[in-house]
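>>> Sequence and predicted structure below; questions after.
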Amino acid sequence: MTSALAYAEANFDKFVAQLEDLLRIPSISTDPKYAPDVRRAAEWVVADLLDAGIKHAELCETDGHPIVYAEHIVSSDLPTVLVYGHYDVQPPDPIDLWDSPPFEPVIRNGDLYARGSCDDKGQVFMHLKSLESYLQTGTELPCNIKMLIEGEEESGSVNLVPFINANKERLSADVAVISDTAMFAEGVPSITTGLRGMAYVQVELTGPNRDLHSGVYGGAIENPINALARLISKLHDKDHHITVPGFYDGAQLMTEAELVEYKKLPFDETAFLKSVDVASARTDGGISIHQAITAHPTLDVNGIWGGYQGAGAKTVLPSIAGAKISMRLVPGQDPDAIVDKLRDWFVSNTPPTMKLKFENLHGGKPVLVDTDQPAMQAAADAMEQVTGKKPLFSREGGSIPVVADFKDLLGLDTVLMGFGLNSDAIHSPNEKFGLDRFRMGIGTIIRFLDLYASRNRN
């Protein structure tokens with residue numbers, strides 16, 4: 001391990017330059033016109049793994065974007081770690097809000113700015129460089145490694161579960177590790193123990209068979225935008241409680257004992273609101289902001305459209321109005337069941353003047369991770385060795401559906417060991433990743449592999 005740590009430090013500037021090369025590839029999985037770039041990013045990752053000295057790396061075709069699979073098996077006596085990440089990125093829009101082009105990496109004040117710098121190219125790259133630090137010093141890896149790096153995480157991972165099902169034996173391992181999460185705060189190392197699930201739908205209301213002149217038809221033909229706005233306004237009551245019948249059924253909300261521990265976490269509500277320039281919060285029943293954003297279910301409209309939106313005025317009564325709606329879920333809530341409840345609600349509440357189209361786009365199950373499992377303790381000890389601070393265990397409001405898939409399909413627990421920050425602007429303009437945290441992540445992963453292997457020999 002010592003030589004690996006020394007190699008990582010001596011080659012850190014090279015690692016940053018390599019990461020910048022990867023970040024220049026616009027691997028936007030949601031937009032078909034970028035498909036060649038997505039493939040190019042996958043090929044880049046395979047080449048980097050082979051250059052690092054890993055025994056096997058390949059590009060695996062799917063019905064969509066390819067999956068990168070790699071493995072380095074040392075001995076059957078050693079535990080096997082399955083590392084998951086993704087090389088695809090979110091679209092960079094709106095472009096005009098970036099201070100520098102999103103696919104031209106720039107370092108400012110110790111932060112590396114580019115789309116994907118934190119989510120997830122920068123964080124998955126920490127694992128690649130940790131492996132290289134072992135292999136390029138002639139030091140054998142302390143445990144067996146398998147890597148699953150997909151290209152569709154930002155577009156629903158529609159081909160991931162079929163790949164896992166078709167490769168269960170190949171993907172067998174003792175634990176999974178993912179670095180696609182955030183630390184609690186700057187200077188506050190933490191390991192994520194829970195993720196919310198996700199259900200995502202699209203709703204469209206159609207009224208007349210075409211856009212109409214609002215002067216000729218207005219007052220007699222109902223406006224789909226008006227109808228949709230009324231429906232959306234009914235999804236929450238005055239206390240911001242979600243009104244869909246049965247929505248909270250089975251939801252494992254935080255217990256009083258959990259809330260006591262949660263309040264010990266150094267969450268600053270004032271700073272949180274200031275960071276997004278909002279004067280006050282609105283939570284379900286007035287619960288704390290921290291509880292609301294990490295451990296409580298939500299329902300939000302993510303996009304809405306209909307009618308004329310160009311410059312100037314156009315007196316049109318639109319034919320169609322639509323909305324995209326996402327729901328963050330907690331343990332005890334099933335995404336498919338929640339979608340059915342929301343569909344039933346829209347069917348029951350859509351006025352007879354409208355035709356409803358309801359689509360289930362994608363979802364993922366919520367998860368909680370046992371903090372006592374050996375891999376979690378090894379991760380905590382590794383992080384403490386690097387930072388000098390005992391890491392906190394905390395939940396995160398986002399969703400990583402593959403964590404539940406690993407448990408359901410492979411029987412694997414997952415260590416969520418991320419080094420991002422909520423202020424890194426993932427999915428937003430000016431996404432960044434602190435180079436100090438990039439260095440911290442590499443050092444922690446090197447130590448984690450050594451600690452986990454030493455405590456878990458077969």
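Nice, thanks for sending it over.
>>> Mind giving me the packing neighbours of the worst-scoring helix or strand of the chain on mean pLDDT?
Taking mean pLDDT, DSSP states H and E as the measure, the helices and strands of the chain show their lowest mean at helix 256-262, namely a mean of 84. With contacts defined as 3 or more Cβ pairs under 8 Å, 6 or more residues apart in numbering; DSSP states H and E, helix 256-262 has these neighbours: helix 289-294. (Each C-beta comes from the backbone N, C-alpha and C, glycine too.)
>>> Centre of the chain to the helix it packs on, how far?
For helix 289-294, the distance from its own C-alpha centre to the chain's C-alpha centre is 17 Å (Cα atoms, centre = their mean, to the nearest Å).
>>> one step back: return the set of buried residues in the least confident helix or strand of the chain.
Buried residues in helix 256-262, defined by neighbour count with 16 or more other Cβ atoms under 10 Å: residue 262.
>>> what's next to it, contact-wise?
For helix 256-262, the external contacting residues (Cβ atoms under 8 Å, 6 or more residues apart in numbering) are 254, 288, 290, 291, 295.
>>> at 10 Å what do you get?
Residues from elsewhere that reach helix 256-262, judged by Cβ atoms under 10 Å, 6 or more residues apart in numbering: 252-255, 287-288, 290-291, 294-295, 392-395.
>>> hmm, which of those are the buried ones?
Applying a neighbour-count criterion of 16+ other Cβ under 10 Å, the buried members of these are 253, 254, 287, 288, 290, 291, 294, 295, 392, 393, 394, 395.
>>> quick one, phi psi at the second one?
Backbone torsions of residue 254, given as degrees, to the nearest 10, read phi -70, psi 140.
>>> For it, give its distance to residue 246.
According to Cβ to Cβ, to the nearest Å, residue 254 stands 20 Å off from residue 246.
>>> Now do stretch 263-283: distance from first to last residue.
Distance between the boundary residues of stretch 263-283 (Cα to Cα, to the nearest Å) amounts to 17 Å.
>>> can I get the buried ones among the contacts of helix 256-262 in a markdown table with pLDDT and distance to residue 352?
Formatted as a markdown table, the entries for those read as follows, by pLDDT from 0 to 100; distance: Cβ to Cβ, whole Å:
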| residue | pLDDT | distance to residue 352 |
| --- | --- | --- |
| 253 | 90 | 37 |
| 254 | 87 | 42 |
| 287 | 95 | 38 |
| 288 | 95 | 42 |
| 290 | 94 | 44 |
| 291 | 94 | 40 |
| 294 | 93 | 41 |
| 295 | 93 | 40 |
| 392 | 89 | 53 |
| 393 | 89 | 51 |
| 394 | 86 | 48 |
| 395 | 88 | 43 |
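>>> what pLDDT does residue 184 get?
For residue 184, the model assigns a pLDDT of 88.
>>> Contacts only, for it.
The contact partners of residue 184, by Cβ under 10 Å, 6+ apart, come to 190-192, 265-267, 290, 391-394, 396, 421-422.
>>> Residue 208 too?
With the criterion set at Cβ under 10 Å, 6+ apart, residue 208 makes contact with 217, 221, 222, 223, 224, 317, 318, 319, 320, 353.
>>> Next secondary structure after the least confident helix or strand of the chain?
Using DSSP states H and E, the helix or strand that follows helix 256-262 towards the C-terminus is helix 269-275.
>>> Spit out the contact partners of the closest residue in space to residue 144 that isn't next to it in sequence.
Leaving out its chain neighbours, the residue that sits closest to residue 144 by Cβ to Cβ, 6 or more residues apart in numbering is residue 80, at 4.0 Å. When contacts are counted by Cβ under 10 Å, 6+ apart, residue 80 is found next to 71-74, 143-146, 171-175, 412, 453, 456, 458.
>>> now, which of those residues lie within helices?
Secondary-structure check on the contacts of residue 80 using DSSP state H: residues within helices are residue 453.
>>> Quick one: buried ones out of the contacts of residue 80?
Burial by neighbour count, judged by 16+ other Cβ under 10 Å, picks out 71-72, 143-146, 171, 173-175, 412, 453, 456 from these.
>>> Those in strands, which ones?
Taking DSSP state E, the ones among the buried ones among the contacts of residue 80 that sit in strands are 71, 72, 144, 145, 146, 175.
>>> What separation do you get for the fifth one and residue 56?
So the one you mean is residue 146. Look at residue 146 and residue 56: by Cβ to Cβ, they are 10 Å apart.
>>> Which neighbours do the two have in common?
With the criterion set as Cβ under 10 Å, 6+ apart, the overlap between the contacts of residue 146 and residue 56 is 69, 70, 71, 72, 73.
>>> correct me, but the third one touches residue 56?
Yes. If you go by Cβ atoms under 10 Å, residue 71 and residue 56 touch, sitting 5.2 Å apart.
>>> so what's the closest residue to residue 429 other than its chain neighbours up against?
Spatially, and ignoring its direct neighbours in sequence, residue 429 is nearest to residue 97 (3.8 Å; Cβ to Cβ, 6+ apart). Going by Cβ under 10 Å, 6+ apart, residue 97 touches 428, 429, 430.
>>> mind pulling up the phi and psi values for the second one?
Pointing back at residue 429 there. Note on residue 429: backbone dihedrals following degrees, to the nearest 10 are phi -60, psi 150.
>>> hey, C-alpha coordinates of the host helix or strand of residue 47 in CSV?
With the criterion set as DSSP H and E, the secondary-structure element containing residue 47 is helix 35-52. C-alpha atoms of helix 35-52 as CSV (Å, rounded to 0.1, in the frame of the first residue of the first chain):
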residue,chain,number,x,y,z
ALA,A,35,-24.0,8.6,-29.4
PRO,A,36,-20.6,8.5,-31.1
ASP,A,37,-19.2,10.6,-28.2
VAL,A,38,-20.7,8.2,-25.6
ARG,A,39,-19.0,5.3,-27.4
ARG,A,40,-15.8,7.2,-27.6
ALA,A,41,-15.8,7.8,-23.8
ALA,A,42,-16.4,4.1,-23.2
GLU,A,43,-13.5,3.2,-25.5
TRP,A,44,-11.3,5.8,-23.7
VAL,A,45,-12.1,4.2,-20.3
VAL,A,46,-11.3,0.7,-21.6
ALA,A,47,-7.9,1.9,-23.0
ASP,A,48,-7.1,3.7,-19.7
LEU,A,49,-7.8,0.6,-17.7
LEU,A,50,-5.6,-1.5,-19.9
ASP,A,51,-2.8,1.1,-19.8
ALA,A,52,-3.1,1.0,-16.0
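>>> Now that helix: buried residues?
Neighbour-count burial for helix 35-52, counted by 16+ other Cβ under 10 Å, picks out 37, 38, 39, 41, 42, 44, 45, 46, 48, 49, 52.
>>> and of the residues you listed, the nearest to residue 200?
residue 38 (21.0 Å; Cβ to Cβ).
>>> pretty sure that closest one is touching residue 31, no?
Yes. Using Cβ under 10 Å, residue 38 makes contact with residue 31 at a distance of 9.3 Å.
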